[in-house]
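K.L.:
build me a model:
(one chain, ligands or ions: 3)
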Amino acid sequence: MLIVMKFGGTSVGSIDALQQVTGIVKKARDRGDEVVVVVSAMGGATDLLLNGARQAESGDVATARDTHQEILAKHTEVIDALLVDSQWHDPLLAEINVLLDEFDSLCQSIGVLGELTPRALDVIAGMGERMSVRQVAAILECNNVRAQALDATRLILTDDQYGSASPLMPPTAERCQALLSPLLGDGVIPVVTGFIGATQSGIPTTLGRGGSDYTATILGRALGADEVWIWTDVNGVMTADPRVVPDAQTVPRLSFAEVGEMAYFGAKVLHPQAIRPVRRSAIPVRILNT
Ligand code: ADP
Ligand code: ASP
Ligand code: MG
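P.N.:
Numbers count the residues shown, from 1 in each chain. Ligands and ions are numbered 1, 2, ... in the order given. Below you'll find the predicted structure:
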């Protein structure tokens, strides 16, 4: 079976959670499934990046420096714990630092210009996912699961609605088949950034907040996957947000129309657009608790 598995911010946000992810992916591989993994930024990272950029626009570049340190600390904690061997530890930390240096210089420019365009904001918003895929792929590799990190800017082509771009499905399907299918054929698990894409001329875009769910269903559709599994921190789609209504119940099964409507009216468990790509080809979506 070909399964696209998406892990949200909480699911890749701590040492324990990442160990859980490794176990889940290993289990699927050992069952003989082909797996494409989609990951979000570590929990809280996207908000920190956006805040740093917005503060820079108003002339405060010191916040961006704090953001850099805070995100670096999140990753370092994980890397120190899960990638003790310097073979994995040092190159990954170097890659994270390259991305954070890029964030610094973008914020520096934003501070000088005093202007933050939606296009620049998308470049910055997507940096957390670019750090996260590298981290998850390294952890898998270090646990004897062959994996490769990929930026979805190479896979998901979108229009230029920065902040809430829509995928262009035919060229996206072409890219996904060209880049992901050979990896799967070689037994390598692609670990793809959620949330981001790029225009046909290569300018980075984002699919809207919570957009990693959408990434998973776009890839599911593009690859003709058997199922899409959204791993998160609740027991599936529930009758209400369990944080607000403690006795909310799990809804065992919903039609595409029903879950689409729930998402549209604010059930954060799924991005409102995420059902679109899978609905037409009737690819089942499971919402699972890690
Ligand atoms: P992730 O980072 O995994 O994408 P999100 O925080 O985006 O996770 O979405 C999961 C959260 O959605 C849950 O923790 C829950 O508080 C909230 N939520 C809101 N409405 C619902 C619902 N109807 N069913 C389940 N979860 C819901
Ligand atoms: N990291 C992005 C966000 O916080 C996308 C996602 O989590 O799905 O909105
Ligand atoms: Mg989400």
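
K.L.:
how about the helices in the stretch 101-250 of the chain?
P.N.:
Applying DSSP state H, counting those that start in this stretch to the stretch 101-250 of the chain gives helices spanning 118-125, 127-142, 169-185, 212-223.

K.L.:
now the residue of the stretch 51-200 of the chain found nearest ligand 2: how far from A165?
P.N.:
Per C-beta to the nearest ligand atom, F195 is where the stretch 51-200 of the chain lies closest to ligand 2, at 3.9 Å. In short, each C-beta sits where N, CA and C put it, glycine included. Look at F195 and A165: by C-beta to C-beta, to the nearest Å, they are 10 Å apart.

K.L.:
more neighbours, these two?
P.N.:
More crowded of F195 and A165, by other C-beta atoms under 10 Å: F195, with 30 against 24.

K.L.:
please name the residues that touch the more buried one.
P.N.:
By C-beta atoms under 8 Å, 6 or more residues apart in numbering, F195 lies in contact with 40-41, 46, 125-126, 129, 152, 206-207, 211-212, 215.

K.L.:
around ligand 2, pick out the residues from the stretch 101-250 of the chain.
P.N.:
Residues of the stretch 101-250 of the chain lying near ligand 2 by C-beta under 6 Å from any ligand atom: 128, 194-195, 209-212.

K.L.:
from those residues, which two are the most distant?
P.N.:
Within those, G128 and G210 form the most distant pair, 13.0 Å apart (C-beta to C-beta).

K.L.:
between those two, which has more neighbouring residues?
P.N.:
Counted by other C-beta under 10 Å, G128 and G210 do not tie: G128 has more neighbours, with 31 against 21.

K.L.:
find me the pLDDT at the more buried one, would you?
P.N.:
Listed pLDDT for G128 reads 98.

K.L.:
list the residues that contact it.
P.N.:
40-42, 45-46, 48-49, 71.
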